[in-house]
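*Asks:* generate a structure from the sequence data that follows.
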Amino acid sequence: MHVLDASAFIREYTTDEPTATVPQVREELTDESGYRFDALEGAGMRVHVPDDQTVDRVRRASAESGDREELSATDVRLLAAAFELDATLVTDDYAMQNVAGRIEVPVETVGREGITEEREWDFQCQGCGRTFEDDADRCPVCGSDLTRKR
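*Replies:* Just a heads-up that it's a prediction; the model follows:
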């Protein structure tokens, strides 16, 4: 089974394996890629809604890796669907690939090379320069914005 991200529809990905996705992907697609979604759904592609518990697990894994702010709600649901269906995730999104590695979901890329290593991100204050492991909107010391860094 392959769980398809929007990039799979945009780049005209094909496979002989069964496919699945989440309903929110359709909302990201326009024109021909949207028609491809509709055609695959009509041909038997599974549209899966993951359990809330699995979605929460993916959110925790993305927070641990520092990718939480990089993932959309659709991305989180796609990862949860791939986990529940014991499927390969098809995506070009690096943050999704990073989190997939944490939850042991295999990944196949469509248009670009996949990641070569899983990363954990730190967060650095733009004001005082302090580094933190946990993501927050503002520095707890000086109140400046935090940015993600390797």
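
*Asks:* can you report how many residues lie near residue 34?
*Replies:* For residue 34, the neighbour count with other CB atoms under 10 Å is 17. Using the backbone N, CA and C atoms, a C-beta is placed for each residue, glycine as well.

*Asks:* sec struct for it, please.
*Replies:* helix (DSSP: H, G, I helix; E, B strand; the rest coil).

*Asks:* does it touch residue 26 like I think?
*Replies:* Yes - using CB atoms under 8 Å, residue 34 is in contact with residue 26, at 6.8 Å.

*Asks:* check contacts around the most centrally placed residue in the chain.
*Replies:* Centroid check for the chain by CA atoms, centre = their mean gives residue 96 as the closest residue, at 3.2 Å. Going by CB atoms under 8 Å, 6 or more residues apart in numbering, residue 96 touches 5, 71, 75, 78, 79, 89, 107.

*Asks:* gap between the helix or strand containing it and the chain center?
*Replies:* Using DSSP states H and E, residue 96 sits in helix 94-102. Computed by CA atoms, centre = their mean, to the nearest Å, the separation of helix 94-102 from the middle of its chain amounts to 7 Å.

*Asks:* kind regards, and thank you for your time.
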